[in-house]
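**Student:** sequence and predicted structure are below.
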Amino acid sequence: MTPEVNSLYQQACSAEYKEDYKTAVEKLIQAINISNNDVMLYTKLAGVYSEMGEYDKALSAYAKVASLKPNDGYIYISVGNIYESQGKYKEALEAYNKVAQMCPEYLYNYLNIANVEYQLRDYQAAIDNYNKFLATYSQHWDARENLANSYVRSENYQSAANEYENLYARNPVAFKDYSDYGLALYRLKDYEKASGFLEKAVEREPENISARISLALSYQELDKNDLALAQYDAVFRQQPALNSLRLDYGNLLANMGKDQAAIENYKIYIANYPQDARAYQNIGVVYKRMNKLDDVIFNYEKALELQKDKKDIELEEDLAECYHLKKDYPNALKYYDAVLLVKKDDYNLKYNKALVLHGMEKYSDAIAIYEELLKQKSNPDIQNNLAMALTAQGEDFLNAKNYSLATSSFERAIELGSKDSYAYYSLAKTYRACGMNDKATEFYEKAIALAPDKTQYSEEFAEFISDSNKPVDIKISSENSANEDFEIKDVTLSMDSVKDDTQDRVASSRSFISAGDEDYKKQNYDDAIKNYQSALQANPSDEITLLKVGNIYKMKNDNKNALDSYKKAIVVNPNYSDGWFNLGLVYAGDGNTSKAKECFHRVITLDPNYGYAYYALAIAYEQDGNKKEAINNYKIFLTHNKDMAVSKTVIEKIKTLEK
């Protein structure tokens with residue numbers, strides 16, 4: 001560089017220092033006109049142009065430098081910086097890669113490469129280069145922050161959380177990535193810790209929608225529903241059209257028992273994302289709780305259609321149950337069969353299938369399954385249903401005049417201990433059709449004894465006696481009349497006498513019940529039991545009287561006899577919800593929460609509005625340590641309860657469980 005050129009160069013440097021870039025450029029161009037191949041002059045000119053924001057001129061000057069000094073890889077660092085400042089990340093990456101090829105010893109270049117890869121959203125490549133850089137410059141905290149952000153965006157949440165944890169521990173005051181750290185923790189299901197960092201993110205940036213969403217979801221997972229609701233409300237105030245969030249919002253509302261609001265949000269989500277099977281399934285769950293079976297079925301079947309490549313056994317099982325409740329037995333059977341292909345040995349599923357076949361009047365198939373299940377374990381419900389199926393099958397045989405098979409079916413039903421008077425009545429008709437009058441008489445009398453209020457039995461029996469002109473011995477009971485002598489005579493029983501006998505049985509039963517009720521009021525419990533039991537001798541199928549007997553035994557802390565009476569009540573009437581409820585209370589009192597829960601679930605199945613069944617079920621779950629189910633059932637109970645004092649107590653229980 002000649003003295004003249006050097007002088008111009010120094011003047012240019014002085015002007016640059018004073019930020020007089022125009023003069024600096026003029027002096028450098030003058031110098032270049034004198035010394036056209038001086039690398040230093042072009043390098044300085046490129047730098048001044050960069051400071052002026054004249055990036056194209058700067059790049060042109062660097063191109064000249066590269067032509068004069070082709071082996072100088074460091075030129076491309078400056079070229080890369082210009083492209084990066086222009087947002088031309090692909091060109092910047094190309095320049096930095098040239099540096100890597102020509103000057104591999106320049107390890108700081110890994111940071112340049114990683115930064116532009118991050119901007120290009122090539123997060124995995126960015127991660128690799130940040131780690132290469134940090135292998136040498138381990139205390140470069142900005143690089144570590146960028147590495148953590150890259151981990152988040154590549155969904156490597158554990159590595160992200162590790163980096164953020166170190167950054168936060170090093171300098172909590174300077175830490176600013178609360179939102180991304182909270183997101184990483186949320187994805188790792190560390191909801192408590194996530195909510196803490198996300199709360200700080202929202203506090204610092206109230207408009208940070210992403211942080212609010214993650215915070216709402218964290219609260220939701222922690223069952224802090226009111227806090228989650230507040231965050232969702234804030235999000236929708238800022239972005240009411242953020243419909244991608246409506247599914248999670250609907251789930252929260254559904255969990256809070258806000259069914260109608262949940263449905264509205266699910267519908268908004270479905271309108272925008274009609275191919276998401278989850279939305280149809282979730283809205284179906286809410287409709288099921290509302291007992292809107294047609295809506296449940298429509299949405300469940302839509303969910304199945306959308307996930308046709310994935311067999312959802314639980315959903316098919318729910319569909320079977322819905323069709324079953326609707327008494328659409330063919331469709332219920334279709335889904336039960338589909339589920340049983342997978343759950344081949346599921347006891348309850350087989351039982352439900354048998355019930356459906358029973359409802360479809362496919363008695364032989366139902367009977368076969370009932371018998372199979374009873375071989376596995378004793379079950380009074382199944383035994384009762386088997387007896388009913390045999391009775392119905394026998395009726396078909398009777399109507400077809402196949403008396404042999406009819407007799408076999410009715411006899412088997414009775415052998416099972418059936419309390420269904422119809423089995424005895426039908427067997428009487430079968431024997432009558434076969435001309436076996438003694439047997440017919442025996443079973444007519446047994447049918448009438450079981451159901452004295454059914455005048456059809458006594459009228460037909462009287463007709464049968466009249467037709468056959470068969471004398472019948474009337475045996476007068478001498479109970480409570482030991483000092484009286486009665487003459488037993490053979491008389492022909494007329495229709496009127498049968499009616500009178502039936503009426504006498506009913507009157508006798510009612511009389512004993514009234515006497516028992518009076519004793520109960522006076523707290524003469526032993527006398528009450530005796531009167532109730534006398535009433536049951538006249539009418540053994542009276543589930544209400546059986547319940548009364550059980551209640552007295554329960555008051556006397558005689559749980560064994562209480563259980564026996566309650567079980568008899570539900571055997572007589574398997575759909576007797578009060579019987580199931582009281583049976584569950586006795587089991588719960590004995591500490592048998594498993595049996596108690598079965599009973600309370602049965603009550604709810606029979607009567608979804610039986611509020612105290614939910615309360616009792618919640619207590620049972622609480623005793624088992626299942627807080628989530630306990631809370632859910634307490635909340636459902638609150639929707640049925642009208643007693644403010646009880647509601648207050650339950651609300652306090654819920655708060656305690658949610659801590």
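**Tutor:** Done, it's in. Numbers count the residues shown, from 1 in each chain.

**Student:** quick check: mean pLDDT of the helix or strand that contains Tyr520?
**Tutor:** Tyr520 belongs to helix 495-521 when assigned by DSSP states H and E. Mean pLDDT, helix 495-521: 67.

**Student:** give the next helix or strand downstream of it.
**Tutor:** Assigned by DSSP H and E, the successor of helix 495-521 is helix 525-538.

**Student:** now the element after that following helix, going C-ward?
**Tutor:** Next along from helix 525-538, by DSSP H and E: helix 543-555.

**Student:** ok and the helix or strand following that following helix relative to helix 525-538, angle-wise?
**Tutor:** Next along the chain after helix 543-555, taking DSSP H and E as the criterion, comes helix 559-572. Calculated by axes from the mean of the first three to the mean of the last three Cα atoms, to 10 degrees, helix 559-572 forms an angle of 30 degrees with helix 525-538.

**Student:** quick check: next helix or strand after helix 559-572?
**Tutor:** Immediately after helix 559-572, counting by DSSP H and E, sits helix 577-589.

**Student:** now for that next one, which elements pack on it?
**Tutor:** helix 543-555, helix 559-572, helix 593-606, helix 611-623 (3 or more Cβ pairs under 8 Å, 6 or more residues apart in numbering; DSSP states H and E). For the C-beta atoms, the positions are set from N, CA and C on the backbone; glycine is no exception.

**Student:** helices or strands next to the strand or helix carrying Ile82 in the packing?
**Tutor:** Per DSSP H and E, Ile82 falls inside helix 75-85. With contacts taken as 3+ Cβ pairs under 8 Å, 6+ apart, helix 75-85 sits against helix 39-52, helix 55-68, helix 89-102, helix 109-119.

**Student:** quick check: which of these is buried the most?
**Tutor:** Stretch with highest mean neighbour count among the helices and strands packed on helix 75-85: helix 109-119 (a mean of 22; mean count of other Cβ atoms under 10 Å).

**Student:** restricting to C-alpha, output it in CSV.
**Tutor:** Extracted C-alpha coordinates of helix 109-119, given in CSV (Å, rounded to 0.1, in the frame of the first residue of the first chain):
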residue,chain,number,x,y,z
ASN,A,109,-18.9,-21.0,13.5
TYR,A,110,-21.0,-23.9,14.9
LEU,A,111,-23.0,-21.2,16.8
ASN,A,112,-23.6,-19.3,13.5
ILE,A,113,-24.7,-22.4,11.7
ALA,A,114,-27.0,-23.5,14.6
ASN,A,115,-28.7,-20.1,14.8
VAL,A,116,-29.7,-20.0,11.1
GLU,A,117,-30.8,-23.7,11.2
TYR,A,118,-33.0,-22.7,14.1
GLN,A,119,-34.5,-19.9,12.0
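
**Student:** got the angle for that helix vs helix 89-102?
**Tutor:** 160 degrees.

**Student:** what angle separates helix 109-119 from helix 75-85?
**Tutor:** If you take the same axes, to 10 degrees, helix 109-119 sits at 30 degrees to helix 75-85.

**Student:** gap between helix 109-119 and the chain center?
**Tutor:** In this view, helix 109-119 has its centroid 45 Å away from the chain centroid, taken as Cα atoms, centre = their mean, to the nearest Å.

**Student:** go on, stretch 282-297?
**Tutor:** With Cα atoms, centre = their mean, you get 13 Å for stretch 282-297.

**Student:** now what about it, what contacts it?
**Tutor:** 247, 250-251, 254, 259, 262-263, 266-267, 270, 299-300, 303, 318-319, 322-323, 325-326, 608 (Cβ atoms under 8 Å, 6 or more residues apart in numbering).

**Student:** next up, phi/psi of Gly435, please.
**Tutor:** Backbone torsions of Gly435, given as degrees, to the nearest 10, read phi 80, psi 10.

**Student:** okay, now it: neighbour count?
**Tutor:** Per other Cβ atoms under 10 Å, the neighbour tally for Gly435 reads 9.

**Student:** swap in Leu188?
**Tutor:** Residues within reach of Leu188, counting by other Cβ under 10 Å, total 14.

**Student:** what separation do you get for it and Leu215?
**Tutor:** According to Cβ to Cβ, to the nearest Å, Leu188 stands 15 Å off from Leu215.

**Student:** again, but for Lys310
**Tutor:** Lys310 is 31 Å from Leu215, by Cβ to Cβ.

**Student:** the two: who's more crowded?
**Tutor:** Leu215 (31 against 9).

**Student:** which helix or which strand is home to that one?
**Tutor:** Using DSSP H and E, Leu215 falls in helix 209-221.

**Student:** mind listing what's buried along that helix?
**Tutor:** Ile209, Ala211, Arg212, Ile213, Ser214, Leu215, Ala216, Leu217, Ser218, Tyr219, Gln220 (16 or more other Cβ atoms under 10 Å).

**Student:** could you export the helix holding Ile82 as PDB, CA atoms only?
**Tutor:** Taking Å, rounded to 0.1, in the frame of the first residue of the first chain, the C-alpha atoms of helix 75-85 are listed here in PDB:
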ATOM      1  CA  ILE A  75     -14.700 -13.600   4.500                       C
ATOM      2  CA  TYR A  76     -17.800 -15.800   4.500                       C
ATOM      3  CA  ILE A  77     -18.400 -15.100   8.200                       C
ATOM      4  CA  SER A  78     -19.200 -11.500   7.300                       C
ATOM      5  CA  VAL A  79     -21.200 -12.600   4.200                       C
ATOM      6  CA  GLY A  80     -23.200 -14.900   6.400                       C
ATOM      7  CA  ASN A  81     -23.800 -12.200   9.000                       C
ATOM      8  CA  ILE A  82     -25.200  -9.900   6.200                       C
ATOM      9  CA  TYR A  83     -27.500 -12.500   4.900                       C
ATOM     10  CA  GLU A  84     -28.700 -13.400   8.400                       C
ATOM     11  CA  SER A  85     -29.500  -9.700   9.200                       C
END
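
**Student:** ok and that helix relative to helix 39-52, angle-wise?
**Tutor:** Using the same axes, to 10 degrees: helix 75-85 against helix 39-52 is 10 degrees.

**Student:** what's the average pLDDT for helix 75-85?
**Tutor:** Helix 75-85 shows a mean pLDDT of 94.

**Student:** what's the neighbour count on the residue nearest to Asn299 when sequence neighbours are not counted?
**Tutor:** Nearest non-adjacent residue to Asn299, counting by Cβ to Cβ, 6 or more residues apart in numbering: Gly284, 3.8 Å away. Counted by other Cβ under 10 Å, the residues lying close to Gly284 total 25.

**Student:** which strand or helix spans Gly284?
**Tutor:** helix 277-289.

**Student:** could you give me the buried positions within that helix?
**Tutor:** Across helix 277-289, burial judged by 16+ other Cβ under 10 Å covers Ala277, Ala279, Tyr280, Gln281, Asn282, Ile283, Gly284, Val285, Val286, Tyr287, Lys288.
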